[in-house]
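> what's the 3D shape of this:
(chains A and B)
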Number of protein chains: 2
Amino acid sequence: MANASGETEVRVVAQRARTASRALALATRAEKDTALLAMAEDLEAATDAVLAANAEDVSRAEAAGTPTNILDRLRLSPDRVSGMAQGLREVAGLPDPVGEVVRGSTLANGLELRQVRVPFGVVGMIYEARPNVTADAAGICLKSGNAVLLRGSSSARSSNAAIVDVLRRAAERTGLDPDVVQLVPGDGHDSVKELMRARGLVDVLVPRGGAGLIRSVVEESTVPVIETGVGNCHVYVDGAADLDRALAIVLNAKTQRTSVCNAAESLLVHAAVADAFLPTVVPALQEAGVTIHGDESFAAYDGVVPATDEDWDREYLSFDISAAVVPDLEAAIEHVHRHSSGHSDAIVTADQGAARRFVAAVDSAVVLVNASTRFTDGSEFGFGAEIGISTQKLHARGPMGLPEMTSTKYVVTGDGHTR
Amino acid sequence: MANASGETEVRVVAQRARTASRALALATRAEKDTALLAMAEDLEAATDAVLAANAEDVSRAEAAGTPTNILDRLRLSPDRVSGMAQGLREVAGLPDPVGEVVRGSTLANGLELRQVRVPFGVVGMIYEARPNVTADAAGICLKSGNAVLLRGSSSARSSNAAIVDVLRRAAERTGLDPDVVQLVPGDGHDSVKELMRARGLVDVLVPRGGAGLIRSVVEESTVPVIETGVGNCHVYVDGAADLDRALAIVLNAKTQRTSVCNAAESLLVHAAVADAFLPTVVPALQEAGVTIHGDESFAAYDGVVPATDEDWDREYLSFDISAAVVPDLEAAIEHVHRHSSGHSDAIVTADQGAARRFVAAVDSAVVLVNASTRFTDGSEFGFGAEIGISTQKLHARGPMGLPEMTSTKYVVTGDGHTR
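Numbering: from 1, shown residues only, chains lettered A, B, ... in the order given. Next up, the predicted model:
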């Protein structure tokens, strides 16, 4: 929708964010932390209102026949609201990335050069179902000095509106411009499209959600995008693997939580240990409730479904795994190279040379040796907060914490220097 | 053009680059430097062939009535060929960014975490006129472990083909896959378009050239882009400026070289020093051959052309400058905020508070205090080689050297760790 002057609502909101971002970029850590703590306090105080709004979303979703697992992600509880508040407090406790001097030197001519972290300015978040992302993203963006435009799923619109309302009031009561946190108006794809074309007003877009959402943002956006999250993660059990460790890692990577991007989706086993490992791993996975989509070697076992060509590229996000026997390490690397989404891929091996070769050759955001893919996570990495896991190579790769939500600026100081 | 299997020529070439990039990513520094030095040697040995090819481009351009300044950029000489060779030798002398550990820690559970620099993979360069960019870009990409697809201007096609032919043979004779350096086939916009849509095959595109080229790449590309180079750079002479220094900086920033992106295009003067400074700076600029496009205060002087609204946004790249008197520091910041291209903006002041405020508030890749905007340059910054100057906020901002041509990868090492 456009107003009288031809500006769309989205651009009006983005322009307000741009204005608010200029003051926020200069806010001190103390000012930002005060706002974050106020947001946490107010969110807990407003638990009833947030839950009431959430109940509207849930009953609308139920009426629309939404599957249970999506309903679970949508539904808030007093504990989940406390969890959001706790997340904001934790972000307040993290160091401020803004102002960090990344690099510095004095040049031969006496010019002083510093490369300093600065906020991007305005960050657009496009995300699905879970309303707690609203508070998480707002907190991380605020701490990193960025105004944020939040475009959640329309199924969570009442919850998101209630949460943002609380966050804006809290920002304002501590002296910040409330427009540092805004919802993107409009429910349809048109408003997402406007956001993606708001180059110059929005500095970065971060889509979080399914593969389809991310692909459409990457293809349509003229605003620079940080791609997150699709994970077709592999565990490769090498010929020199300790098979007990391998079993523990495969089970953990596949079954500890299946709906997340760092869960394993594909198992590769070196031919030299196939006879020793398959009789253990196949029943162990099956007992844990996993359906194995296997190549010929795996399909020889009871209950294993023969894999189709598509299986090797699938991110199941469920109790399913594709599985194949490979002749050697190089074949495993080649398989990963062809099918991995570049998120997280692991090797289990006791052979230092094999580990070194796998780490060097596999081109993924995170390469793990003798560890579960489930460790690819901002909080496991000690970053304290995570806006998502980047699977692209530009700017940020892997779990993104506060520093990844900043740019840099060079400051050059002289006393009348000319060339 | 598509071949029998429906693959376009550009995608075939990109696929070859992708294959070549895998081995190059693992090449040692010694292997890469040997290739760079061979390229330098072979380029000098092939001077006659390169100049003959260049003569074809020049005579075609002359016949087409190309302006003299463009012809000058297109024309090679024995010295320019030596310059390219020298550039390759200098890149060989720089440290290898690949393998640098950017960050590392041991987590509480004993997992070892390292963030390591790795090549992007395949870099696409789209650039205009100057054939020496061909050798520069190939050298920087090779050293940073990236295969490069070069799409130069069609006016330089014979020169570029001759240079690339030499570079490929040199790569091959030192044991590298020659496909680490390739020209993008085809002259028309279609081949550029193919390159921009080769997401998955090409990791990053770097357009270098005029504003029109860069805008079209940014808008049409689904491959991530690093935007370079448009510079509407400001020099702000503060109320507390040393006016002798201010004069030297303004003259240097505007006139030392006008065709480059770090040249000043706009002068702002604090009202408090206007009466003292304008009578000096106006004739000094005019004597240097500069046409001033001034606001009312400047236009009161002989020979000053009244500025139009468009002047404040123009990157002249010529002996022209826009000039205005501003009431105070905040008005200067506001003007820069509205009109700067975010490349390089300078303040001249003896007031520490004014410098600090300008540095904090101006949102540009490089902010200079008491120094000419001409210092925004990879070689001036001590980076040794420069692929361009990024004016975007994602990934790299300001002059880009070798480290900016890399991504990172996390390597996580455990001994059977599960969550």
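> What residues sit buried inside the lowest-mean-pLDDT helix or strand in chain A?
In chain A, no helix or strand scores lower on mean pLDDT, DSSP states H and E than helix A:211-220, which sits at a mean of 84. The neighbour-count check on helix A:211-220 (16 or more other C-beta atoms under 10 Å in any protein chain shown) flags A:213, A:214, A:216, A:217, A:218 as buried. Every C-beta, even on glycine, is put in place using the N, C-alpha and C of the backbone.
> For residue B:295, state which of those residues is nearest.
Closest approach between the buried residues of helix A:211-220 and residue B:295, by C-beta to C-beta: residue A:217, at 42.4 Å.
> Contact partners for the closest one?
Contact partners of residue A:217, counting by C-beta atoms under 8 Å, 6 or more residues apart in numbering or on different chains, are A:126, A:192, A:196, A:205, A:207, A:225, A:227.
> Which ones among those residues lie within helices?
Counting by DSSP state H, the contacts of residue A:217 place A:192, A:196 in helices.
> same for chain B: which of the contacts of residue A:217 are within range?
Residues of these in contact with chain B (C-beta under 8 Å from any C-beta of the partner chain): residue A:225.
> which one of the contacts of residue A:217 sits closest to residue A:352?
For the contacts of residue A:217, the nearest to residue A:352 is residue A:227 (33.2 Å; C-beta to C-beta).
> looking at it, the closest one is touching residue A:218, isn't it?
Yes: with contact defined as C-beta atoms under 8 Å, residue A:227 reaches residue A:218; the gap is 5.8 Å.
> Overlap in contacts, the two.
residue A:207.
> Can you get me a residue count around the residue of the stretch 51-200 of chain A found nearest chain B?
Chain B sits closest to residue A:120 of the stretch 51-200 of chain A, with a gap of 5.3 Å, by C-beta to the nearest C-beta. For residue A:120, the count of nearby residues is 24 (other C-beta atoms under 10 Å in any protein chain shown).
> Might one say that it is in contact with residue A:408?
No: with contact defined as C-beta under 8 Å, residue A:120 does not count as touching residue A:408 (10.5 Å).
> could you give the mean pLDDT of the longest strand along chain A?
The strand that spans the most residues within chain A, counting by DSSP state E, is strand A:406-417. Mean pLDDT, strand A:406-417: 97.
> Same check on stretch A:291-310?
pLDDT averaged over stretch A:291-310 gives 98.
> Name the residues that touch that stretch?
Here stretch A:291-310 has contacts from A:269, A:274, A:278-279, A:282, A:285-286, A:311, A:319-325, using C-beta under 8 Å, 6+ apart.
> In strands, which of those residues fall?
Counted as lying in strands by DSSP E, out of the contacts of stretch A:291-310, are A:269, A:320, A:321, A:322, A:323, A:324, A:325.
> Contact partners for residue A:358?
A:236, A:238, A:329, A:332, A:333, A:347, A:349, A:367, A:369.
> Show me which of the residues you listed is closest to residue A:384.
Looking across these and measuring by C-beta to C-beta, the closest to residue A:384 is residue A:367, at 22.9 Å.
> what's the next secondary structure element after the host helix or strand of residue A:61?
Assigned by DSSP states H and E, residue A:61 belongs to helix A:47-63. Using DSSP H and E, the helix or strand that follows helix A:47-63 in sequence is helix A:68-74.
> what's the offset of that next one from the middle of its chain?
Relative to the centre of its chain, helix A:68-74 is centred 19 Å away, using C-alpha atoms, centre = their mean, to the nearest Å.
> Check stretch A:114-126 too.
For stretch A:114-126, the distance to the chain centre is 17 Å (C-alpha atoms, centre = their mean).
> ok, now stretch A:176-189?
20 Å.
> distance between the ends of it?
Start-to-end span of stretch A:176-189 (C-alpha to C-alpha, to the nearest Å) is 31 Å.
> go on, stretch A:102-118?
Stretch A:102-118 end-to-end distance (C-alpha to C-alpha) = 11 Å.
> That stretch and chain B, are they touching?
Yes: interface with chain B: stretch A:102-118 contributes A:105, A:107, A:108, A:111, A:113, A:115, A:118 (C-beta under 8 Å from any C-beta).
> and that stretch, which residues are buried?
A:111, A:113, A:114, A:115, A:116, A:117, A:118.
> Just send the residues you listed back as JSON lines, with secondary structure too.
Converted to JSON lines, the buried residues of stretch A:102-118 look like this (DSSP: H, G, I helix; E, B strand; the rest coil):
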{"residue": "A:111", "secondary structure": "coil"}
{"residue": "A:113", "secondary structure": "strand"}
{"residue": "A:114", "secondary structure": "strand"}
{"residue": "A:115", "secondary structure": "strand"}
{"residue": "A:116", "secondary structure": "strand"}
{"residue": "A:117", "secondary structure": "strand"}
{"residue": "A:118", "secondary structure": "strand"}
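> I'd like those residues laid out as TSV, including pLDDT.
Output for the buried residues of stretch A:102-118, formatted as TSV (pLDDT from 0 to 100):
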residue	pLDDT
A:111	97
A:113	97
A:114	97
A:115	97
A:116	98
A:117	97
A:118	98
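> which one of the contacts of residue A:358 has the most neighbours?
residue A:347 (31 neighbours).
> ok, and that residue, which helix or strand is that part of?
strand A:344-348.
> Just the CA trace of whatever helix or strand comes next after that strand, in PDB.
Following strand A:344-348 in sequence order, the next helix or strand is helix A:352-361 (DSSP H and E). C-alpha atoms of helix A:352-361 as PDB (Å, rounded to 0.1, in the frame of the first residue of the first chain):
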ATOM      1  CA  GLN A 352      45.500 -37.600  11.900                       C
ATOM      2  CA  GLY A 353      46.200 -37.500   8.200                       C
ATOM      3  CA  ALA A 354      42.600 -38.300   7.300                       C
ATOM      4  CA  ALA A 355      41.300 -35.600   9.700                       C
ATOM      5  CA  ARG A 356      43.600 -33.100   8.200                       C
ATOM      6  CA  ARG A 357      42.600 -34.000   4.600                       C
ATOM      7  CA  PHE A 358      38.900 -33.900   5.400                       C
ATOM      8  CA  VAL A 359      39.200 -30.500   7.200                       C
ATOM      9  CA  ALA A 360      41.100 -29.000   4.400                       C
ATOM     10  CA  ALA A 361      39.000 -30.300   1.500                       C
END
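> what's the following helix or strand after helix A:352-361?
Following helix A:352-361 toward the C-terminus (DSSP H and E): strand A:366-371.
> so how far is whatever helix or strand comes next after that next one off the chain centroid?
Downstream of strand A:366-371, the next assigned helix or strand under DSSP H and E is strand A:388-390. Here the centre of strand A:388-390 is set off from its chain's centre by 3 Å, with C-alpha atoms, centre = their mean.
> next one: stretch A:36-53
With C-alpha atoms, centre = their mean, you get 24 Å for stretch A:36-53.
> Distance check, the one residue in the stretch 101-250 of chain A that gets nearest to chain B against residue A:277.
Closest contact between the stretch 101-250 of chain A and chain B, by C-beta to the nearest C-beta, is at residue A:245 (3.6 Å). Here residue A:245 is placed at a distance of 11 Å from residue A:277 (C-beta to C-beta, to the nearest Å).
> Give me the domain ranges for chain A.
With domains defined by automatic domain parsing, chain A comprises A:9-227+A:398-413, A:233-379.
> and the ones you listed, which one's lowest on average pLDDT?
Minimum mean pLDDT among the domains of chain A: domain A:9-227+A:398-413, a mean of 94.
> Next, count neighbours for the residue nearest to residue A:265 when sequence neighbours are not counted.
Once flanking residues are discounted, residue A:265 sits nearest to residue A:232: 5.0 Å by C-beta to C-beta, 6 or more residues apart in numbering or on different chains. Residues lying near residue A:232 (other C-beta under 10 Å) number 23.
> check contacts around residue A:232.
Counted by C-beta under 8 Å, 6+ apart, residue A:232 has contacts A:265, A:266, A:313, A:314, A:315, A:339, A:340, A:341, A:343.
> so how many other residues sit close to residue A:134?
By other C-beta under 10 Å, neighbour count at residue A:134 equals 25.
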